[in-house]
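Visitor: kindly generate the corresponding structure for this input.
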Amino acid sequence: MADRYNLEDVQEILQRAIARSTTQDEFSAQQLQEMAAELGITTEQLQAAETDWRTLQLQRQDQTEFDQRRWQRWQDQAIRFLVVNAGLMALNWITSQGLGWSLYVLVPWTIGLVLSFWQTWKPTPEVYEKEFQSWRRQRQLRQSLGRWIDRWLPPARSLNR
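Guide: From the prediction side, this is the model:
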């Protein structure tokens, strides 16, 4: 055993020790407070840490939703690509028994789709963060407008009366 540990090592060792020492998957708020007290962590420090943790959890949920939407947008592009180009190639084949002019559409669009895939799969951190923050602001604005509309507009009346 070493005589000194850095903060990251302490956190990792304690996390592993807690995982091995209990069969519980969940702890109550009181149990969390008791553990913190045993470690010399004040209630205020624990509350601040929990607030940080909740904020991080919400951000992770938002990032997961954002990533799913990015992939869905790319998949929609790929489906449009397949449908349109299959139709153009079929039309080209029917009219001239070849693929002459349809390739002029297929090749550049394929390059664009591949670049779009690369940007979706492996964005630069700066671009990803910029797009994520923009998406997050737009979503928050839509949610705020939705709440405002719900509050000020009467509910729609049933047409079945």
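
Visitor: helices or strands next to the worst-scoring helix or strand of the chain on mean pLDDT in the packing?
Guide: In the chain, the helix or strand scored least confidently by mean pLDDT, DSSP states H and E is helix 7-21, which has a mean of 85. Applying 3 or more CB pairs under 8 Å, 6 or more residues apart in numbering; DSSP states H and E, one finds that helix 7-21 contacts no other helix or strand. Every C-beta, even on glycine, is put in place using the N, C-alpha and C of the backbone.

Visitor: and that helix, what's buried?
Guide: When burial is assessed from 16 or more other CB atoms under 10 Å, helix 7-21 yields no buried residues.

Visitor: report the buried residues of the helix or strand that comes right after it.
Guide: Sequence order places helix 29-38 as the next helix or strand after helix 7-21, per DSSP states H and E. By neighbour count on 16+ other CB under 10 Å, the buried set for helix 29-38 is Ala36.

Visitor: one more: stretch 126-134?
Guide: 128, 132.

Visitor: what mean pLDDT does that stretch get?
Guide: Regarding stretch 126-134, the rounded mean pLDDT is 93.

Visitor: contact partners of it?
Guide: 62-63, 66, 70, 119, 123 (CB atoms under 8 Å, 6 or more residues apart in numbering).

Visitor: can you lay out those residues as TSV showing pLDDT, distance to Leu103 and neighbour count?
Guide: TSV is the format used below for the contacts of stretch 126-134 (pLDDT from 0 to 100; distance: CB to CB, whole Å; neighbours: other CB atoms under 10 Å):
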residue	pLDDT	distance to Leu103	neighbour count
Asp62	94	42	15
Gln63	93	39	14
Phe66	94	36	18
Arg70	92	29	18
Gln119	85	24	15
Pro123	85	30	15
